[in-house]
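J.: what follows is a predicted structure for the sequence shown.
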Amino acid sequence: MLQTIKKNLPKPVKNLLISIKQKTYYQRQKKILFKRMQLKHAALLQKIKDKDKIRVVFLAIHKSMWKVDPVFQKMLIDPLFEPEILVCPYTDYGDERMLKDMKQTYHYFVEKGYPVRKSLKQDGSWIKLDEIKPDIVFFTNPHDLTHTEYYENAYLNYLSCYVPYSQGVSKYDNYNAQYNQRFHNAMWRIFLPHDESLEIFIRKSASKGKNGLVTGYPSCEEFFNLKKESPWKYNDKLKVIWAPHHTINDPWLPYANFLGLADNFKELSKKYSRDISFSFKPHPILKSKLYQHPQWGKEKTDTYYEFWNNSSNTQLDEGEYIELFKHSDAMIHDSGSFLAEYHCVKKPVFYICTDEIKVYLNPFGIKAMNSTYQGESIDDIEFFINELINKNVKPNNSFFDQEIKRYFSGAKPSSKIIDNIRELVL
């Protein structure tokens, strides 16, 4: 009887009931969880107070979502810490994609010379965190994308830290997914990228932000160092990045314009081959979503990616992007985190958007967007490209000067994170 009533409820009524339940029952449960985890964290801290070495395990899923490199590097040379990376499976898109992502991510860290191990053993079983015996676990993603052992079992049983994998520009689901999952309320420490993210965390989370600390975004530190070798294949032309987001069919966060612009961008790359070198820098999840899209699939997707990898004035970039950004001349995108991050290189940027996108941006994100060139059609994009070629576009540095610069003017974010952990464990 009850199931029949639920099934026949109008959608607005269902949404209202869900919202009420989130604000009452679920919020109460999260408050209980936070208080319970505070007691657990205190007990875990007591166990490691006299240890000479603090073992820290970083749970990594995608190499391109590795936003804590400066923290890891500092821990490598700090005698108090013994850091290691555990490559975890991304389970949302089948075994084939999972194994490929894990292999790429593992080799990425091997090439960097970092201590790293695979979560998948040679006998086909999965390693247990108890076998590694971490004192602290670092998360690089807040969502349930992997096995329970490397998600809920981890954050419920260890001193767990999280550095957000994005700069915190978006707003959806009443901020629950970004600031008020069980995950966020169970964390020991969350190191936040800016003051507005802490204000949202305080307002929306059951923990009232008590486990959050503003440090700035450690992933951006490298932007302020000297340029290293250019990753661009063609440096004799204007270097333009196209970075499409993965939300191609997500009504809760409709950033992406990829499906409507994919072919147009191919044509633009051909049309402007004499003047521009293009980098295709897709979100790491985009390929998996295209594989499952009824109008794309694996063959069409792979062919499309190969075009960018093999054409005479294009390249495919699926990994690190700091030097790609630093050596570029401009970017065109509809991404989330890049909306703030690209401002660090002080180059012109075009944001593909409509007026409605402001609904899905928080105040920090809106400020970032307002410092970009904007449009939604291929004609708008081509106009920007021509203006770039004719040297009629300039970067708008107001967002960087007012919202980013202060977090890097003194102690770097990674140093603030290390110092805070050291203060708590000693």
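T.: Arrived safely. Predicted model only: the values in this text are computed from it and were never measured.
J.: strands of the protein, residue ranges please.
T.: Taking DSSP state E to define them, one finds strands in the chain at 54-60, 81-87, 116-118, 136-139, 159-162, 189-192, 212-214, 238-243, 276-280, 314-316, 330-333, 349-352, 373-375.
J.: got a markdown table for those strands, with mean pLDDT too?
T.: Shown next, in a markdown table, are these (pLDDT from 0 to 100):
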| stretch | mean pLDDT |
| --- | --- |
| strand 54-60 | 98 |
| strand 81-87 | 98 |
| strand 116-118 | 97 |
| strand 136-139 | 98 |
| strand 159-162 | 98 |
| strand 189-192 | 98 |
| strand 212-214 | 98 |
| strand 238-243 | 98 |
| strand 276-280 | 98 |
| strand 314-316 | 98 |
| strand 330-333 | 98 |
| strand 349-352 | 97 |
| strand 373-375 | 96 |
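J.: need these in TSV with mean neighbour count and distance to Arg422, can you?
T.: For every residue, glycine as well, the C-beta is placed using N, CA and C. As requested, the strands of the chain are exported to TSV (neighbours: other CB atoms under 10 Å; distance: least, CB to CB, whole Å):
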stretch	mean neighbour count	distance to Arg422
strand 54-60	23	9
strand 81-87	22	9
strand 116-118	17	23
strand 136-139	25	11
strand 159-162	24	13
strand 189-192	24	12
strand 212-214	18	13
strand 238-243	23	36
strand 276-280	23	39
strand 314-316	20	40
strand 330-333	24	37
strand 349-352	25	37
strand 373-375	18	43
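J.: can you redo these as JSON lines, where the extra columns are distance to Val110?
T.: Shown next, in JSON lines, are these (distance: least, CB to CB, whole Å):
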{"stretch": "strand 54-60", "distance to Val110": "12"}
{"stretch": "strand 81-87", "distance to Val110": "10"}
{"stretch": "strand 116-118", "distance to Val110": "6"}
{"stretch": "strand 136-139", "distance to Val110": "19"}
{"stretch": "strand 159-162", "distance to Val110": "24"}
{"stretch": "strand 189-192", "distance to Val110": "26"}
{"stretch": "strand 212-214", "distance to Val110": "32"}
{"stretch": "strand 238-243", "distance to Val110": "26"}
{"stretch": "strand 276-280", "distance to Val110": "25"}
{"stretch": "strand 314-316", "distance to Val110": "21"}
{"stretch": "strand 330-333", "distance to Val110": "30"}
{"stretch": "strand 349-352", "distance to Val110": "33"}
{"stretch": "strand 373-375", "distance to Val110": "40"}
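J.: tell me the buried residues in the longest helix belonging to the chain?
T.: The residue-count maximum for a helix in the chain (DSSP state H) belongs to helix 27-48. Buried residues in helix 27-48, defined by neighbour count with 16 or more other CB atoms under 10 Å: 27, 30, 33-34, 37, 40-41, 44.
J.: do stretch 297-304 as well
T.: Quick answer for stretch 297-304 (16+ other CB under 10 Å): 301, 304.
J.: give me the contact list for that stretch.
T.: The contact list for stretch 297-304 (CB atoms under 8 Å, 6 or more residues apart in numbering) reads 262, 266, 287, 290-291.
J.: what's the most distant pair in the residues you listed?
T.: Within these, Lys266 and Tyr291 form the most distant pair, 19.0 Å apart (CB to CB).
J.: what is the neighbour count of the residue nearest to Asn396 when sequence neighbours are not counted?
T.: Spatial nearest neighbour of Asn396, chain neighbours left out: Ser371 (4.3 Å); criterion: CB to CB, 6 or more residues apart in numbering. If you count neighbours by other CB atoms under 10 Å, Ser371 ends up with 20.
J.: what's Ser371 in contact with, if anything?
T.: Residues 343, 396-400 are the ones in contact with Ser371 under the rule CB under 8 Å, 6+ apart.
J.: check Asp135 too.
T.: Shown in contact with Asp135 (CB under 8 Å, 6+ apart): 44, 47-48, 51, 54-56, 158-159, 425.
J.: which of these sits closest to Lys121?
T.: Scanning the contacts of Asp135 for proximity to Lys121, where the rule is CB to CB, the winner is Arg55, at 19.7 Å.
J.: my guess is that closest one contacts Leu129. True?
T.: No. Between Arg55 and Leu129 there is no contact under CB atoms under 8 Å: 10.9 Å.
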